[in-house]
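>>> starting from these lines, generate the structure:
(6 chains)
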There are 4 protein chains.
Amino acid sequence: MKSSADTTATAAPGAPEARSDDARRLRTDTMAQRRRELILDAARAAFFELGLQGASMREIAKRAGYTPGAIYSYFASREEIYAALLGESLLRLNAQVASAPGDGNAAERVRSKASAFFDFYRDNPRDLDLGFYLFQGVRPNGLTRELDAQLNEQLRAALQPTAEALRDFDLNASACETEVTALFVHMVGLLVLIHTGRIRIFRQHAPQLLAQYLDQLTERLQRAGH
Amino acid sequence: MKSSADTTATAAPGAPEARSDDARRLRTDTMAQRRRELILDAARAAFFELGLQGASMREIAKRAGYTPGAIYSYFASREEIYAALLGESLLRLNAQVASAPGDGNAAERVRSKASAFFDFYRDNPRDLDLGFYLFQGVRPNGLTRELDAQLNEQLRAALQPTAEALRDFDLNASACETEVTALFVHMVGLLVLIHTGRIRIFRQHAPQLLAQYLDQLTERLQRAGH
Amino acid sequence: MKSSADTTATAAPGAPEARSDDARRLRTDTMAQRRRELILDAARAAFFELGLQGASMREIAKRAGYTPGAIYSYFASREEIYAALLGESLLRLNAQVASAPGDGNAAERVRSKASAFFDFYRDNPRDLDLGFYLFQGVRPNGLTRELDAQLNEQLRAALQPTAEALRDFDLNASACETEVTALFVHMVGLLVLIHTGRIRIFRQHAPQLLAQYLDQLTERLQRAGH
Amino acid sequence: MKSSADTTATAAPGAPEARSDDARRLRTDTMAQRRRELILDAARAAFFELGLQGASMREIAKRAGYTPGAIYSYFASREEIYAALLGESLLRLNAQVASAPGDGNAAERVRSKASAFFDFYRDNPRDLDLGFYLFQGVRPNGLTRELDAQLNEQLRAALQPTAEALRDFDLNASACETEVTALFVHMVGLLVLIHTGRIRIFRQHAPQLLAQYLDQLTERLQRAGH
DNA sequence: CATGAATGAGAGTTCATTCAT
DNA sequence: GATGAATGAACTCTCATTCAT
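Numbers count the residues shown, from 1 in each chain, chains lettered A, B, ... in the order given. Have a look, this model is predicted:
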């Protein structure tokens, strides 16, 4: 299970035994993958329902129909489960952003892509929790340097479509980076305030606030374009 | 283990029973208050040094010179301690904002007051933790409805000076509310990204990003003012 | 509980409250000590009956009439329990050696003191286990450098009476050290072989073997004395 | 994960079904034997590197290129592995003793053979662990009565050369048995004290102590010989 | 008010072993 | 013979909280 590199060690094709070996390995690999995802589903459900504290290994195992020890055949630690969960969350984020309509003029495209990003987290607040969990307090095992870099990349990728749309406002690379960062900052702030319920202090509605920010942004860029 | 505060508990000589009940209550209240704050100091220190996980009741009690059980004479639960800590944190925030220079033109005043707010959390990231802790996951005991409202009010108050400065741009009440909210949103987003280290993804510096936002804000308001 | 140094902080005697405080502390200290020993008794019994593997914290707690967590009020870790057990074992060893008759000539005294040492471990084989346990495999918490030194000292002390008796054979300090070490070595070897049942391989009886060694030793020393 | 021994499992070409059952059994037995030893090698390596605690079935299996379950085709339990390991350790011990020079006079031969025994365990402390492990705490499966007798015999055999050398001091059988036992006792004691580091208490060096014992022994026997 | 003792639930993790395939 | 999956019991230790004294 650990040595996935072994898959390259399969015998040359042709011999019947070798082929059946391949088939068996393929089948077991697929099943293992399926079970991994079963556990991940259980973990996500537990985490979404009970929060970080409640989603213990025992709880996850129970929901997945396993004994606690069995989980460790698939994930080396609790943190690794959360890392996998976050990775998959970012994949869904990217999918949602990618599927947002990319036609229309620059302003429309920025609006579309940024909203796709924003809506993902607004509609799935637990994914926001997930992000904060690993990006904040985890150090010991879960978030190795490579994993950290990998997750960062996925996050960047999710903002790439927006960045590209901004490009069409005749921005240079540096200005584009600045603007997409500022936009990201604004969205994160909004999401946090929605999530913690603090936006109510100001009796403002979040979607309106994002729309406003985007309006001002495009207006500003258009004016600068002249 | 004796509280060091006990040294003050030796009754003053003379007329031990002559005092009025009121006086005795006052003295008792004061002492209780003093010890409450002693515990809060310990809790803050523990929390700042060890984070949320490390600041257990044991740890807080030890630092305060108490046994764990004694804490419950002053706070009903761990959450209540954190609530008190957050309240006090917001007080410090308000003090810092209040002490920011309030002279100059509208733009300068907005900048000054908003920066005071921002800098407080940038320089004291544990206070940010504190805010998120209670404003997020706590329901059972710690954050009663009244307390929640009270903390919201303190947060509002911390943004009030900024709001007032915005007023001088000839904004009506509604527009002012919108703008201060958006500014708050932006600052929260920035703080979160600094705190989680994600701002590095974009190779941007946070203070610069705030300055930029404020520049654009004042420029926009000045243009609208004409 | 941790700060035993606090006992020096008691108020000056005379005031009635102070005295009752002293009394209370004394009483609680005594009770705590008693409970510590109760746990130690349970631990010793568990260890003697079930061996090292079986004497888990759960088992010890159960035998002491406690929940597992309660044990940690008295001992910081499992290893600390074993260290305490070993310390106490060495105390008993020293007592037994001390109570062995110290009269007669040099040869008789050596025999008496060495036999007292030997018999202690022959009659209490679990104490031998205890010694080997900590002197062998424990590193992480249980056997700090000071503790190690302290236990070594107790062991030395248990052999001191024998060493002193050897002195009367007109040995210089160095020769005396060599002889007591060799005697210790021989006793340890015998004890180990008795304990593991391997002495049977040779169809020899242990006490006889020790007597023989001692005879040869005294004979040799007497011959050297001329 | 494939066993590396599998490379030898490709049947020789030609007459695949022509072999007799006996031949096949022989071949199978040999292969099984070979794999058993492969596992034992892995177990020994694991045990030597990681000690008794670290050498789990998982670890042994991993090093042998097997999954944990596969081990149970060759060994009924963990204890059985250790028993086999001990048997093999005693074989190595005997080989080392046998290869020690057996010429010279009686005193020289005793010295040579006894030192060979002693040095084996002094230089391979893990083999000492192995001996103690099974000879001490194991009862359930690992050490059956026959096995125990068999191991005892191997131990005896390792001391036989020394006993034979002692014979040449004109000792009768009984006296010879006594002397070889005493010598064994002394060596065991020394090895234990070296292994646990307790020899340092007395600031003595182990090899010197053995040499001294042997000197005194031969001198005594020579004197008795007159 | 404060102590010291204790609870009880629970945490993450490890392990030898079993067994259908 | 070997795999991969799973068991189930066990491990040490931590924690917020309660309560008689």
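>>> so what's the residue count around residue A:218?
Residues near residue A:218, counting by other CB atoms under 10 Å in any protein chain shown, number 18. Just so you know, the C-beta spots here come from the backbone N, C-alpha and C atoms, and that holds for glycine as well.
>>> low-confidence ranges, chain A, go.
Where chain A drops to pLDDT under 70, the residues are A:1-28, A:134-143, A:226.
>>> which ones are touching the residue most central in space within it?
Nearest to the geometric centre of chain A sits residue A:90, at 1.2 Å (CA atoms, centre = their mean). Going by CB atoms under 8 Å, 6 or more residues apart in numbering or on different chains, residue A:90 touches A:131, A:151, A:154, A:155, A:158.
>>> quick check: it vs residue A:150, distance?
Relative to residue A:150, residue A:90 is positioned 9 Å away (CB to CB, to the nearest Å).
>>> near chain D, from the contacts of residue A:90?
Counting by CB under 8 Å from any CB of the partner chain, nothing from the contacts of residue A:90 sits close to chain D.
>>> so which of the residues you listed are in helices?
A:131, A:151, A:154, A:155, A:158 (DSSP state H).
>>> interface residues of chain A facing DNA strand E?
A:54, A:56-59, A:68-69, A:72, A:76-79, A:141 (CB under 7 Å from any atom of the strand).
>>> could the residues you listed go into a markdown table alongside neighbour count?
Formatted as a markdown table, the residues of chain A next to DNA strand E follow (neighbours: other CB atoms under 10 Å in any protein chain shown):
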| residue | neighbour count |
| --- | --- |
| A:54 | 10 |
| A:56 | 14 |
| A:57 | 18 |
| A:58 | 12 |
| A:59 | 18 |
| A:68 | 13 |
| A:69 | 9 |
| A:72 | 14 |
| A:76 | 13 |
| A:77 | 14 |
| A:78 | 18 |
| A:79 | 19 |
| A:141 | 12 |
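>>> would CSV of those with distance to residue B:111 and secondary structure be doable?
Below are the residues of chain A next to DNA strand E laid out as CSV (distance: CB to CB, whole Å; DSSP: H, G, I helix; E, B strand; the rest coil):
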residue, distance to residue B:111, secondary structure
A:54, 44, helix
A:56, 47, coil
A:57, 50, helix
A:58, 52, helix
A:59, 49, helix
A:68, 55, helix
A:69, 58, helix
A:72, 54, coil
A:76, 50, coil
A:77, 47, coil
A:78, 45, helix
A:79, 42, helix
A:141, 44, coil
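>>> list just the nearest of the residues you listed to chain B.
Using CB to the nearest CB, residue A:54 is the member of the residues of chain A next to DNA strand E that sits closest to chain B, with 10.2 Å.
>>> buried residues of the one helix or strand residue A:214 maps to, list them for me.
Assigned by DSSP states H and E, residue A:214 belongs to helix A:206-225. For helix A:206-225, a neighbour-count test (16 or more other CB atoms under 10 Å in any protein chain shown) marks A:206, A:209, A:210, A:212, A:213, A:214, A:217, A:218, A:221 as buried.
>>> with stretch A:103-115 instead?
A:106, A:107, A:109, A:110, A:111, A:112, A:113, A:114, A:115.
>>> contact partners for residue A:114?
A:162, A:183, A:187, A:210, A:214.
>>> so what's the last one up against?
By CB under 8 Å, 6+ apart, residue A:214 lies in contact with A:110, A:111, A:114, A:115, A:183.
>>> go on, the fourth one?
Shown here is residue A:210, whose contacts under the criterion CB under 8 Å, 6+ apart are A:114, A:115, A:118, A:186, A:187, A:190.
>>> which strand or helix spans residue A:113?
Residue A:113 is located in helix A:106-123, with elements delineated by DSSP H and E.
>>> one more: residue A:103?
Using DSSP H and E, no helix or strand contains residue A:103.
>>> which two of the contacts of residue A:114 have the greatest separation?
Spanning the widest gap among the contacts of residue A:114 are A:162 and A:210, at 12.4 Å by CB to CB.
>>> is any residue of the helix or strand harbouring residue A:86 near DNA strand F?
Here residue A:86 sits within helix A:78-99, counting by DSSP H and E. No - on the criterion CB under 7 Å from any atom of the strand, helix A:78-99 is out of touch with DNA strand F, staying 13.9 Å away.
>>> returning to what we had before: most surrounded residue in the contacts of residue A:90?
residue A:158 (23 neighbours).
>>> picking that back up, out of the contacts of residue A:90, which one sits closest to chain B?
residue A:155 (6.4 Å).
>>> who's in contact with that closest one?
A:90, B:198, B:201.
>>> what does residue A:170 give?
Per CB under 8 Å, 6+ apart, neighbours of residue A:170: residue A:225.
>>> mind checking what secondary structure it has?
Classification of residue A:170 using DSSP: H, G, I helix; E, B strand; the rest coil returns coil.
>>> ok, now residue A:73?
coil.
>>> and the residue in chain A positioned nearest to DNA strand F, how close does it get to residue A:61?
In chain A, the residue that lies nearest DNA strand F is residue A:69 (2.5 Å; CB to the nearest atom of the strand). Going from residue A:69 to residue A:61 by CB to CB gives 8 Å.
>>> and if you look at residue A:98?
For residue A:98, the distance to residue A:61 - CB to CB - is 34 Å.
>>> more neighbours: which of these two?
When neighbours are counted by other CB under 10 Å, residue A:98 and residue A:61 differ, and residue A:61 comes out ahead with 20 against 14.
>>> quick check: closest non-adjacent residue to that one.
Excluding the flanking residues, the one nearest residue A:61 by CB to CB, 6 or more residues apart in numbering or on different chains is residue A:68, at 4.5 Å.
>>> do residue A:191 as well
Leaving aside its sequence neighbours, residue A:191 is closest to residue A:121 (4.9 Å, by CB to CB, 6+ apart).
>>> quick one: contacts for residue A:177?
Applying CB under 8 Å, 6+ apart, the residues contacting residue A:177 are A:163, B:202, B:203, B:204.
>>> at 7 Å instead, please
residue B:202 (CB atoms under 7 Å, 6 or more residues apart in numbering or on different chains).
>>> the helix or strand harbouring it to helix B:173-195, inter-axis angle?
According to DSSP H and E, residue A:177 maps onto helix A:173-195. For helix A:173-195 against helix B:173-195, the angle by axes from the mean of the first three to the mean of the last three CA atoms, to 10 degrees is 110 degrees.
>>> run through the residues of chain A sitting next to chain B.
Contact residues (CB under 7 Å from any CB of the partner chain) of chain A with chain B: A:51, A:132, A:135-136, A:152, A:155-156, A:177-178, A:181-182, A:185-186, A:188-190, A:192-193, A:196, A:198, A:201-202, A:204, A:209, A:212-213, A:216, A:220.
>>> buried subset of those?
A:132, A:135-136, A:152, A:155, A:177-178, A:181-182, A:185-186, A:188-190, A:192-193, A:196, A:198, A:201-202, A:204, A:209, A:212-213.
>>> which non-adjacent residue is nearest residue A:66?
Closest to residue A:66 by CB to CB, 6+ apart is residue A:39, at 7.2 Å.
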